[in-house]
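K.L.:
Pasting the sequence and the predicted model now:
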Amino acid sequence: MSEYQPAGKTTLSPEVLVTITRMSALSVPGVSRLTPIPARVDRLFKRGAADGVELKVEDDLVYLDLFLALKPDVNVREVSRNVQHQVARAIEEMVGMDIGHVNIHIEDIDYEEEA
């Protein structure tokens, strides 16, 4: 008795990858927020630019650049590695795509202003 396998395909919007990436990065302790990607002509119209995520998919590999602001008094290297690991794991587990790279760009540290 064979199991029925319907014909068809699944498509995935790039916005889904951006959302998974944002949520995974924000879940890492020490990450304050994602920052807008610094304006350059070649980045003005890329998906996710306002969300702090630059996304490219080539040959079924996902290439990501994340632009982050961190909380004060955290180990930048440790937080960055944790973000890379969490994002790669989430993309691989949730959508089954492999990661080409996850580059982290620290754009700011969010110090709270004293009242």
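P.N.:
Right, received. Where do you want to start? Numbering: from 1, shown residues only.
K.L.:
State the phi and psi torsions of residue 106.
P.N.:
Residue 106 adopts backbone torsions of phi -90, psi 110, taken as degrees, to the nearest 10.
K.L.:
ok, what's across the strand from it?
P.N.:
Taking DSSP bridges, one obtains residue 68 as the residues bridged to residue 106.
K.L.:
List the contacts of stretch 20-40.
P.N.:
Residues outside stretch 20-40 that contact it (C-beta atoms under 8 Å, 6 or more residues apart in numbering): 43, 46, 48-55, 64-71, 74-75, 78-79, 82-83, 86-87, 89-91, 94-95, 107-110. C-beta coordinates here come from the backbone N, C-alpha and C atoms, glycine included.
K.L.:
one more time with 7 Å
P.N.:
Residues outside stretch 20-40 that contact it (C-beta atoms under 7 Å, 6 or more residues apart in numbering): 43, 49-54, 64, 66-71, 74, 79, 82-83, 86-87, 90-91, 94, 107-108, 110.
K.L.:
Helices - which of the residues you listed land there?
P.N.:
When DSSP state H is applied, the contacts of stretch 20-40 are split such that 79, 82-83, 86-87, 90-91, 94 fall in helices.
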